[in-house]
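Novice: just coords:
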DNA sequence: AAGGCGGGGAT
DNA sequence: ATCCCAGCCTT
């Protein structure tokens, strides 16, 4: 979009005016505190606003500042993150908080490269926090902005291809309204989210449609090009909910050589992928991994669980035992407490089925 | 450059 | 059912 300086000024003016008139209130927009902006940006990585809001509120209430987060136990951090997904974000968030306390005076560093060096902070998040919290002149490029810029310039091809993404970053930086970097970045993102949507964009309401090359050429529906999608994999997983007389169940972590049947780094029920006979596969698994001779197992109603490119059918089994096996990397927990534990949503689905059955 | 990592809302 | 989201990290 080779814009004349005058046209560029008008472009910026239109979009900023639109944003300031239509800006939505979000919990993280109540102020521009570096901690709260950072927390929101990490939660928003690949995660929709509506999904983030309740997690943000609860997390902030429990960990109101960098120091509190740095002092917390990782397990408690994960517990409040449970269900939001991409759990390495929570671990990295806390590691970064400890870095900030140790090396940056308990604050989010105001230097871009120092921010980038923190765990869980990539180019997007560094630019977002620095621009919004500190008015530093760094343009963000996320999925929304990429789509908007690609349409403005009629960019063909997969936007996520590293080469093309780099060029889009340069475009974003050139367009940045340096007198209001935070508002500018948020304006572009919000435009992409509410007007310049992936499907059926509302060009009639777009404050910058007169600069849009895709619209001019009738390419709005073919830009961005569809992303190359990894083939979806169907998986069937049998999971064991063992119950002792006190209503406690067994959770494991890093289940053996199986590359994390569900979520390798979270507590979960003993589980195994199966082809034909789930009960037999699960019994074998329990004998092999836990050295435990399973009781009669009752098959519970199946549950669906979609995760990234996997489409999982969960087949829960429930069995009562006199005593739970004691193994390394395992813990016992009342089944009723799983709902509030640091476990994934899949694990909570299984727990719910078992709880319903046990009653 | 490619693959792994969660989960759910919109279409 | 499919898409893709205020991405990051490792290989």
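Specialist: Nice, I can see it. It should be emphasised that the depicted structure is a prediction, and the values quoted were computed from it without experimental measurement. Residues are numbered from 1 along each chain as shown, chains lettered A, B, ... in the order given.
Novice: got the contact list for whatever residue of the stretch 201-350 of chain A ends up closest to DNA strand C?
Specialist: Ranked by Cβ to the nearest atom of the strand, the top residue of the stretch 201-350 of chain A for proximity to DNA strand C is residue A:227, at 4.4 Å. Using the backbone N, CA and C atoms, a C-beta is placed for each residue, glycine as well. Residue A:227 is in contact with A:158-160, counting by Cβ atoms under 8 Å, 6 or more residues apart in numbering.
Novice: how close does it sit to residue A:157?
Specialist: Residue A:227 is 11 Å from residue A:157, where distance means Cβ to Cβ, to the nearest Å.
Novice: in chain A, which helix or strand is least confident?
Specialist: Among the helices and strands of chain A, strand A:303-307 carries the lowest confidence by mean pLDDT, DSSP states H and E, at a mean of 86.
Novice: That one pairs with which strands, and in what direction?
Specialist: Strand A:303-307 pairs in its sheet with strand A:310-320 (antiparallel), by DSSP bridges.
Novice: Now do whichever helix or strand comes after the partner strand, average pLDDT.
Specialist: Using DSSP states H and E, the next helix or strand after strand A:310-320 towards the C-terminus is strand A:330-334. Mean per-residue pLDDT for strand A:330-334: 96.
Novice: now stretch A:105-122
Specialist: pLDDT averaged over stretch A:105-122 gives 98.
Novice: Can you measure across that stretch, start residue to end residue?
Specialist: 21 Å (Cα to Cα, to the nearest Å).
Novice: now swap in stretch A:96-112 and tell me
Specialist: Stretch A:96-112 stretches 14 Å from its first residue to its last (Cα to Cα).
Novice: List of residues touching it?
Specialist: Residues from elsewhere that reach stretch A:96-112, judged by Cβ under 8 Å, 6+ apart: A:34-35, A:37-38, A:66-67, A:69-70, A:114-115, A:118-121, A:126-127, A:129-130, A:133-134, A:136, A:138.
Novice: quick one: that stretch near DNA strand C?
Specialist: No - using Cβ under 7 Å from any atom of the strand, stretch A:96-112 never reaches DNA strand C; the gap is at least 8.3 Å.
Novice: And the least confident helix or strand of chain A, what's buried?
Specialist: A:303, A:305 (16 or more other Cβ atoms under 10 Å).
Novice: rewinding a little: show the model's pLDDT score for the residue of the stretch 201-350 of chain A closest to DNA strand C.
Specialist: For residue A:227, the predicted pLDDT is 84.
Novice: With residue A:3 instead?
Specialist: 79.
Novice: Give me the buried entries from the contacts of stretch A:96-112.
Specialist: Among the contacts of stretch A:96-112, those classed as buried by 16+ other Cβ under 10 Å are A:34-35, A:37-38, A:66, A:69-70, A:114-115, A:118, A:120-121, A:126-127, A:129-130, A:133-134, A:136, A:138.
Novice: Identify those among those that sit within strands.
Specialist: Judged by DSSP state E, these include no members of strands.
Novice: what residue ranges in the stretch 151-300 of chain A score low on pLDDT?
Specialist: A:255-261 (pLDDT under 70).
Novice: Name the residue of it that lies nearest to DNA strand B.
Specialist: Across the stretch 151-300 of chain A, no residue is closer to DNA strand B than residue A:162, which sits at 3.3 Å (Cβ to the nearest atom of the strand).
Novice: How many residues are close by the residue nearest to residue A:122 when sequence neighbours are not counted?
Specialist: If the residues on either side of it in the chain are set aside, residue A:122 comes closest to residue A:116, at 7.2 Å by Cβ to Cβ, 6 or more residues apart in numbering. Neighbours of residue A:116 under the rule other Cβ atoms under 10 Å: 14.
Novice: which ones are touching residue A:116?
Specialist: The neighbours of residue A:116, taking Cβ under 8 Å, 6+ apart as the test, are A:122-123, A:126.
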